[in-house]
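S.K.: A structural model of the following input is requested.
(one chain, ligands or ions: 1)
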Amino acid sequence: MTTKKKPKVYITRKLPDAVETRMRELFDAELNIDDAPRSKAELIAAVQNADVLVPTVTDRIDATVIEEAGPQLKLIASFSNGTDHIDVEAAARKGITVTNTPNVLTEDTADMTMALILAVPRRLGEGARVLTDQPGEWAGWSPTWMLGRRIHGKRIGIVGMGRIGTAVARRAKAFGLSIHYHNRKRVNPATEDELEATYWESLDQMLARVDIVSINCPSTPATFHLLSARRLALLQPTAYLVNTARGDVIDEAALIKSLREGKLAGAGLDVFENEPAVNPKLVKLANEGKVVLLPHMSSATIEGRIDMGDKVIINIRTFIDGHRPPNRVLPGR
Ligand SMILES: O=CC(=O)O
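M.R.: Predicted coordinates:
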C-alpha cells in the first residue's frame with residue numbers, strides 16, 4: 001500500500017489552535033506561530049515551494065507574487081470572505097484555483113455593523129469615555145446632556161444587498177428602521193417582502209433620501225470609491241455612514257472633508273483605505289465624537305474563525321481529492 005504524500009500547505013498567519021492542529025494532522029503544514037505578517041519576499045518563497053497557499057486579508061497576493069509561483073502551486077485557499085487582496089485573474093491565467101470562506105462570517109459582521117449603526121448616532125463611544133477618561137468627573141444625568149439621534153423610525157440605505165447586507169437589513173428592521181437598498185440586481189421578491197425593503201436602482205437617489213448608509217458590498221474595481229466626493233455630497237447633513245466592508249469603497253479623504261465641514265453627521269468605520277495605517281484626521285474626528293473607529297474586527301469571533309478554518313480545510317481537501325472545491329472564486333466575480 002502506498003501512502004499519499006501530504007500536500008505542503010503554507011499558512012501566512014496564526015490561526016486558532018484547533019484549526020492549526022487539524023491542519024497539521026491533515027497536511028504538511030507550515031504555520032506562522034508568532035503571527036508576524038509575511039513580507040513579499042517570504043510570500044514569493046512560499047509560492048515557489050508550497051502546493052497550497054493559505055493567505056489572509058493582510059497578504060497582498062498580487063500578480064507579481066503569482067507570476068513567481070512554482071508549477072506545484074495549484075490552490076490559493078484564502079482564510080477570508082473578501083478576495084480583493086488576491087489577483088484572481090492572474091491566478092486563473094496561471095491555472096491556480098482560488099477559494100474563500102463565505103457564509104460563516106455573515107452574522108458576525110452584520111452584528112458589528114448594527115453595533116456601529118447604534119454606536120454612532122447614540123454616542124456610545126463618547127459616553128463610555130466620559131467615565132473612563134475622566135473618572136469622577138461625571139456630574140450626573142441632565143435632560144440636555146449627551147443627546148444623540150433616535151434610530152427607530154429612520155431610513156437605512158444598504159449599499160450591497162448580498163448575504164451580509166441582507167443580514168444587516170434583518171437586524172435594522174428589528175430596530176424599527178425602514179429598509180432601502182441599492183444592489184447590482186434586485187433581491188428576490190420574498191426577501192424584499194420579508195424586509196419590506198425598497199429597491200433603488202439609482203444609488204445617487206437613495207443616498208439623498210436615507211438617514212443611515214451601510215456599506216456592505218465587496219471591494220472590486222467597480223466599487224472603488226463608489227462613495228466618491230460627489231456621492232458623499234448627496235447625503236443629508238444629518239446622515240450617518242457606516243462601513244464594515246472595505247476601506248477603498250469610500251473616498252476616505254472626501255469623507256474626512258465632509259465630516260469636518262459638517263456635511264455629514266458622523267461615521268462608523270471598521271475598515272480603512274490604508275490599513276493598518278489610520279489617517280490621523282479620522283482619529284481627531286473620533287476624539288471630537290464625530291466618528292467611531294474599530295480596527296477591522298467585524299468578523300472577529302472565536303466561533304467564526306474556527307468555522308473559517310473548517311472551510312479552508314474542506315476547500316483544500318476537496319481540491320486535493322480532485323474535485324471542485326465548494327468555495328471557488330471565479331475571476332471577475
Ligand atoms: O474582512 C474579513 C474577510 O474578508 O474575511
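
S.K.: contacting residues around the residue in the stretch 151-300 of the chain that the ligand sits nearest to?
M.R.: Residue of the stretch 151-300 of the chain nearest the ligand, by CB to the nearest ligand atom: residue 299 (4.9 Å). Yep, even glycine has a C-beta here, placed from its N, CA and C like the rest. Counting by CB atoms under 8 Å, 6 or more residues apart in numbering, residue 299 touches 81, 105, 108-109, 112.

S.K.: out of the residues you listed, who's near the ligand?
M.R.: Among these, proximity to the ligand is found for 81, 105 (CB under 6 Å from any ligand atom).

S.K.: Tabulate the contacts of residue 299 (a markdown table), appending neighbour count and distance to residue 178.
M.R.: What follows is the contacts of residue 299, written out as a markdown table (neighbours: other CB atoms under 10 Å; distance: CB to CB, whole Å):
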| residue | neighbour count | distance to residue 178 |
| --- | --- | --- |
| 81 | 22 | 27 |
| 105 | 25 | 26 |
| 108 | 20 | 25 |
| 109 | 24 | 22 |
| 112 | 23 | 22 |
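
S.K.: Closest to the ligand out of the contacts of residue 299?
M.R.: residue 81 (3.8 Å).

S.K.: what about that closest one, helix or strand, and which?
M.R.: Following DSSP states H and E, there is no helix or strand that holds residue 81.

S.K.: For my notes, confirm residue 313 occurs in a helix.
M.R.: Yes - counting by DSSP: H, G, I helix; E, B strand; the rest coil, residue 313 is found in a helix.

S.K.: quick one: it from residue 167, how far?
M.R.: Separation of residue 313 from residue 167 (CB to CB, to the nearest Å) stands at 24 Å.

S.K.: Contact partners for the residue positioned nearest the centre of the chain?
M.R.: By CA atoms, centre = their mean, the mean C-alpha position of the chain lies nearest to residue 245, the distance being 3.6 Å. Contact analysis of residue 245 by CB under 8 Å, 6+ apart lists 82, 160, 164, 215-219, 271.
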